[in-house]
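Undergrad: model this:
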Amino acid sequence: MRLRTILVLAVLCTGCGWAQFRGDAAHTGYQPFESKINAANVSALAPAFVGPTGGGIDSSPVVVNNVAYVGSLDFKLYAFDALGVTGCSGVPNTCVPLWTAKTVTGPARMTTPAVANGVVYVASNQALYAFDAAGVTGCSGIPKTCTPLWSAFTGLLPSSPVVADGV
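TA: Numbers count the residues shown, from 1 in each chain. Modelled structure (predicted):
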């Protein structure tokens, strides 16, 4: 099986987290508090760590509370230490996931996750899944794997979830 990796830039982990695709419910991509990346330093950015996944990645990572969440084409949600410390070693700094969660099998893609109130939401193959963001509830084993807190058939093609006002 060919492995893919997620690259997280050190500077990303020092700024404000984006809990969902493009930062907010309107997906504006605007971060008014950005002070770390600018035209003068962008060429000097380097990966803080790499995190192997079991498939390709066609979604964006989301970073909340120093955890990077990303969906992979192997139908798993991955949670990595966004600081590149826990479960990480070697050169380049390679990290194992803090936990993973399986969604579906068969041809599907996994969307960019959204995180709100301690829950990670991700859509895949016409269903919405919710997982404990801390990797505790419904999680066990070594390596740690998690089952959904709940899931719901949507009947729609997957789109990145949006969380606003508790919904």
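Undergrad: And for Glu34, the neighbour number?
TA: 11 (other C-beta atoms under 10 Å). Any C-beta I mention is one placed from the backbone N, CA and C, and that applies to glycine too.
Undergrad: which SSE is it in?
TA: Under the criterion DSSP states H and E, no helix or strand holds Glu34.
Undergrad: Need the per-residue pLDDT for it.
TA: If you check Glu34, the pLDDT there is 71.
Undergrad: go on, Thr112?
TA: 88.
Undergrad: Does it fall in a helix, a strand, or a coil region?
TA: coil (DSSP: H, G, I helix; E, B strand; the rest coil).
Undergrad: For the residue nearest the centre of the chain, list the residues it contacts.
TA: Of all residues in the chain, the one closest to the mean position by C-alpha atoms, centre = their mean is Tyr69, 1.7 Å from it. Counting by C-beta atoms under 8 Å, 6 or more residues apart in numbering, Tyr69 touches Pro61, Val62, Val63, Leu77, Tyr78, Ala79, Pro113, Val115, Val120, Val122, Ala133.
Undergrad: what's the closest of those residues to Ile142?
TA: Nearest to Ile142 among the contacts of Tyr69: Ala79, at 15.0 Å, using C-beta to C-beta.
Undergrad: Quick check: that closest one vs Trp150, distance?
TA: As judged by C-beta to C-beta, to the nearest Å, Ala79 and Trp150 stand 18 Å apart.
Undergrad: quick one, which of these two is more surrounded?
TA: Each of Ala79 and Trp150 has its neighbours counted (other C-beta under 10 Å); Ala79 has more, 26 against 11.
Undergrad: where does the more buried one land on pLDDT?
TA: Looking at Ala79, the pLDDT reads 97.
Undergrad: What backbone torsions are found at it?
TA: Taking degrees, to the nearest 10, you get phi -120, psi 120 for the backbone angles of Ala79.
Undergrad: for the one 10 residues further on, same thing?
TA: Backbone torsions for Ser89, taken as degrees, to the nearest 10, come to phi -170, psi 170.
Undergrad: Do you know the pLDDT at it?
TA: Per the predicted model, pLDDT is 94 at Ser89.
Undergrad: That one: how many residues sit nearby?
TA: For Ser89, the neighbour count with other C-beta under 10 Å is 10.
Undergrad: please begin residue numbering at 698 from this point
TA: That works, and once the first residue is 698, the last one we named lands at Ser786.
Undergrad: Centroid-wise, who is the farthest residue in the chain?
TA: Most peripheral residue of the chain (C-alpha atoms, centre = their mean): Ala737, 28.0 Å.
Undergrad: Thank you, goodbye.
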